[in-house]
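# Next come a sequence and a model predicted from it.
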Amino acid sequence: MGYHKIHCPQCGHITDPMQIKFSISEFVQEIYDRGMERTYDDDILGSINEDEITLITEHDYLWDMTVSEIDDCRVGDGKDAMFSLHGENLIKRFGAEAINMLRRIAPPAIAEVEKANNIYDTIKKTPDINNLIEHILSSLPHERLLRCEKDIEDRFLAVFELIKLARGNAVLFKVHLRVVEEKDDNQNIIPMNIRTDDDRIICNSKRCPECGSQLSTLAGKYEEKIICFIGSPAAGKSAYLAAVIHKLKTGAAKYGIESEYQKFSPDYKAFDRDCLEPYSNGFAITKTNQDTFPQISMAFENKSIGKRYLYTFVDIPGETFIGKEGFDAADMLTNRRILKYASVVWYCVSAKQLCKGRVGLEMKSADGAIQNAEMTDLDTLGLNTMEVMNTLYGDNGARPAVALIVTKTDMIADFVISEGVFSGNPAENEALRQDYLRMICSIGGRSDSRYSYSDGEPETLGYIQDGRFKYQAFLSNSQTVENFITNYGEDTVPTFIGRVATAFKKNKIPCFAQASYGRSPIERFSVENAMRCILAKKDILSPSSYAAIVSYFGEAALAKFEAEGGNLPPISQDEIEEIKRAYSKLNPVYPFGVMSILVWTFAYTGFFGCTQPEGDRWVQIRTEGPEYEELKKRLTFEQMGNVPVGTVPPSPTLKDKKDHDKSGEGKPSWIGRIFGKKQ
C-alpha cells in the first residue's frame, strides 16, 4: 500500500513522508551549543563560527533538507561518508543550473559587492550574482517565503552570504549524520529523525516542505484525521482541547483505546507548556493568538476493531472569524487551508454568548471592562462562517462533518445557585441545578457535592454500551441541547445555527454541551495568585500542607502577604510544584461532557464501533461499506428516518416537558421558573 498523506496544520500543504524536510538549522545549532567540535579529535566539525551559525539559524528557510538532499551532501563512500556543507554542496540542491551559475561568478565580483555602501543595490546591478539569487529564491516554496518574515532585501542579503560560502569552497560544517527509518503501519519504510552517528544529537524536527512549519513526529506513520476547532474568540476552544487531551492521557483505557504521543516532539512540548500543563493544574491556559495556534497529534488504537489513526487537533483562533482589523476570507486560503482537509469540525460557542440576555450572566472582566470577545455578535459570526467555507470550497466538494459545542455551560448551572432562584430554599435550588445537569449535560448527578458533575464523562454518555457508541442516545441528547439553546437563548440563536449548517451544507448540526473547568480558573499561574486562593481556603487545607507552606516563606512574610498583598519571597522550583499541588487539591477541575464529542468523532471517522438494537440484543454496525456510510449520515442528521425496530425511545424534549407540566401532571416547569417564557 502507498504512503499515508501528511497534512501541514499551518498551511494545509499535503505531502508524503519521503518529501518532508528535516531542520538542519536546529541540528547544527544543537551541535554548536553542545560544543562537540571540542569533544571530538577527528575534526568532525569544521571551522564553523558564530556568524555562520547566525546565517543558518536566522535564515533557516535555506537549510531544511529532504532525505535525498541530505544524501546528495554526503562526501566519501560507504560507512565513512559524511554529511558536509561546503562549497558546491550548499548550492547543488537548487539544481544543476544553480551550480553552473555559481561557477560563472568571479571572486572579484563578490569582493566588489562586499565593499559597496548599499549591498542590495549593488547586487541588483551585478547580473551574475543577482541572477543566481533570484534563481535560488524562485526555487523555494512560496508559502515558505511568506512565513520567513523577511523582506526581499533581507532575503537577497542572506542568499548572498550563502553564495560567498559556496564560492569560497570552505568547509562550513561536516558530521557523521544518519537518517533513522521506521515502518509505517502499511510496512513502508519512512524517515523518522536525523541524528549524529553516536546518537548524542537527535533532531526530531520534521518540517513542511512548503512553509517550513513543524510537523508531528508521528506524521506519516498512520492514516491521519484532521479535527479543526473554529468559533468565536474566547469560546474556550483551547481549554476544551486541553481538557480532551488531559482526559485521554489519564483515562483513554476506559473507552477501550490506547494512545501514543511523543512527549519530546516540538508540537507536544509547545502544547504542554501553553495548554496542558496549566489546565491540568487548574489554571487558565495561554490565549491563542492569530498568528500561532495550538495543535497536537496523537495516535489512537482500537484493538477491538483493529484500527489505528493519527488524529491531529488544530485550534484555529477566533480572530480568524471576528478580527480586530476586520474579517478577511482570503486569509483562509493563505493561512488556514487545513480547514479544507478536516474530517470533522468542532464549532465552539460560549453558553455565555448564546444565553447572556436570558440568564443575566456577568459579561465584565475583573477590571470592569466589557468582554467584547464573549459578546461577539452571532449574526456576524454566522455570516463570516458561510463566507469562509464558500471561499475554501466554492461550489465543489463534500464539506466536513460539523458539530456545535456549547462551551462553558457550567456558567448557566452556577447561575441557578448564585442567583438563588428559590431564595431561602437551598435544597430546591440544588435540585434545579441537578435537573439542569442531568437534562442538558447527560450525566448522572450526585447530591453529595455542589460540583455534582465532577468527572462526568463515563456516564456521558448514556452513549457507551460495552465499549461501543450507542448513536441513538446521542441523537436524543443532541436534540435536547438544541431545544434548550433555541428556546431559551438569544433571539439570534436559531438563525446562527442555521447559518452554520448552511456553511457546511448540512440540514442541521449535532449539538453538545460541555464545561472544561467546571469553575472559573485564575488567569495565570503565579505563586502569588495561587497563594491567594490557597489562603482563602486554608481552613480545609491539611495541617501538614499548611505547615509546609509556612516553612517556605516564613510565618511573618505569609501573614503580611495575607493582610496586605504584594509579593512573596522567592522559593525553589520544588516548593513551587508543591504549591501547585496544594492549589489543585483545593481548586480541582470539574469537567463535564468533554468526551462526548470526541466519542462521536471517533464514531464518525470509523475508529469507534457503533451499536444499534435489534430486538433484545445490541448489534455492532460495520465501520466500512454501505452500513457505515448510512451511519455517518445519521450521526450528522443527514438521514433522520429508518430507525431500527427496538430503538430506545428518545428522551422528552424541553417542549415535551413544558407540555407535560401544563397538563397538570408532574412537577412545575423548572426551566420556565428560571428563565421565564420566551416571547
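Good, I have the coordinates. Numbering: from 1, shown residues only.

# When you work out contacts or count neighbours from here on, use the C-alpha atoms and nothing else.
OK.

# any idea which helix or strand carries the spatially most distant residue from the centre of the chain?
Largest separation from the mean C-alpha position in the chain: Pro108, at 52.1 Å (Cα atoms, centre = their mean). In the assignment (DSSP states H and E), Pro108 maps to helix 107-115.

# What's the separation between the spatially most central residue of the chain and Ala235?
With distances taken as Cα atoms, centre = their mean, Gln295 lies nearest the centre of the chain, 3.1 Å away. Separation of Gln295 from Ala235 (Cα to Cα, to the nearest Å) stands at 17 Å.

# before we move on, back to that, what is the distance between the helix holding Pro108 and the centre of its chain?
Computed by Cα atoms, centre = their mean, to the nearest Å, the chain-centroid distance of helix 107-115 equals 49 Å.

# residues making contact with the next helix or strand after it?
As assigned by DSSP H and E, the chain's next helix or strand after helix 107-115 is helix 119-124. Contacts to helix 119-124, defined as Cα atoms under 8 Å, 6 or more residues apart in numbering, come from residues Val113, Ala116, Ile129, Asn130, Glu153, Phe156, Leu157.

# So which of those is the closest to Leu85?
Nearest to Leu85 among those: Leu157, at 19.3 Å, using Cα to Cα.

# what about that closest one, which SS state?
Secondary structure, DSSP: H, G, I helix; E, B strand; the rest coil: Leu157 is helix.

# what does Asn193 give?
Quick answer, by three-state DSSP: Asn193 is strand.

# Tell me how many other residues surround it.
When neighbours are counted by other Cα atoms under 10 Å, Asn193 registers 20.

# Local confidence estimate at it?
The score at Asn193 is 91. That number is its pLDDT.

# wait, it sits on Glu181?
Yes. Here Asn193 lies in contact with Glu181, judged by Cα atoms under 8 Å, at a distance of 7.4 Å.

# helices and strands around the helix holding Pro108, which ones?
Packing contacts for helix 107-115, counted by 3 or more Cα pairs under 8 Å, 6 or more residues apart in numbering; DSSP states H and E, involve helix 119-124.

# what's the next secondary structure element after the helix it packs on?
Next element after helix 119-124 (DSSP H and E): helix 127-139.

# Now Ser526: phi and psi?
Main-chain torsions, Ser526, degrees, to the nearest 10: phi -150, psi 160.

# and if you look at Phe300?
phi -120, psi 140.

# what about it, distance to Gln612?
For Phe300 relative to Gln612 (Cα to Cα), the value is 24 Å.

# Would you mind extracting the C-alpha trace of stretch 184-195 into CSV?
C-alpha atoms of stretch 184-195 as CSV (Å, rounded to 0.1, in the frame of the first residue of the first chain):
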residue,chain,number,x,y,z
ASP,A,184,4.5,2.9,8.9
ASP,A,185,1.5,0.6,9.6
ASN,A,186,1.5,-0.3,5.8
GLN,A,187,5.0,-1.6,6.2
ASN,A,188,6.6,1.2,4.1
ILE,A,189,10.0,2.5,5.2
ILE,A,190,9.7,6.2,6.2
PRO,A,191,12.3,8.6,7.8
MET,A,192,11.6,9.5,11.5
ASN,A,193,14.5,11.7,12.5
ILE,A,194,18.2,12.6,11.9
ARG,A,195,21.0,12.2,14.4
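
# For it, buried residues please.
Buried residues in stretch 184-195, counted by 16 or more other Cα atoms under 10 Å: Asp184, Asp185, Asn188, Ile190, Pro191, Met192, Asn193, Ile194, Arg195.

# For the second one, give its distance to Lys221.
In this structure, Asp185 lies at 6 Å from Lys221, with Cα to Cα as the measure.

# what's the average pLDDT for stretch 17-25?
92.

# If we go by neighbour counts, what in it is buried?
Pro17, Gln19, Ile20, Lys21, Phe22, Ser23, Ile24, Ser25.

# which secondary structure element contains the last one?
Here Ser25 sits within helix 24-34, counting by DSSP H and E.

# Output that helix as CSV, restricted to C-alpha atoms.
Provided in CSV are the C-alpha atoms of helix 24-34 (Å, rounded to 0.1, in the frame of the first residue of the first chain):
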residue,chain,number,x,y,z
ILE,A,24,19.4,21.3,9.5
SER,A,25,19.5,24.7,11.3
GLU,A,26,18.3,23.1,14.6
PHE,A,27,20.6,20.2,14.2
VAL,A,28,23.7,22.5,13.7
GLN,A,29,22.6,24.8,16.5
GLU,A,30,22.4,21.9,18.9
ILE,A,31,25.8,20.6,18.0
TYR,A,32,27.3,24.1,18.3
ASP,A,33,25.7,24.7,21.7
ARG,A,34,27.0,21.4,22.9
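
# quick one: it to chain centroid distance?
On Cα atoms, centre = their mean, the centre of helix 24-34 falls 28 Å from that of its chain.

# Quick one: residues in contact with it.
Contacts of helix 24-34 (Cα under 8 Å, 6+ apart): Glu37, Ile53, Ile56, Thr57, Asp60, Trp63, Asp64, Met65, Ile201, Ile202, Cys203, Ser205.

# Show me what the next helix or strand along the chain from that helix is packed up against.
Using DSSP H and E, the helix or strand that follows helix 24-34 in sequence is helix 50-58. The contact analysis (3+ Cα pairs under 8 Å, 6+ apart) places helix 50-58 against helix 24-34.
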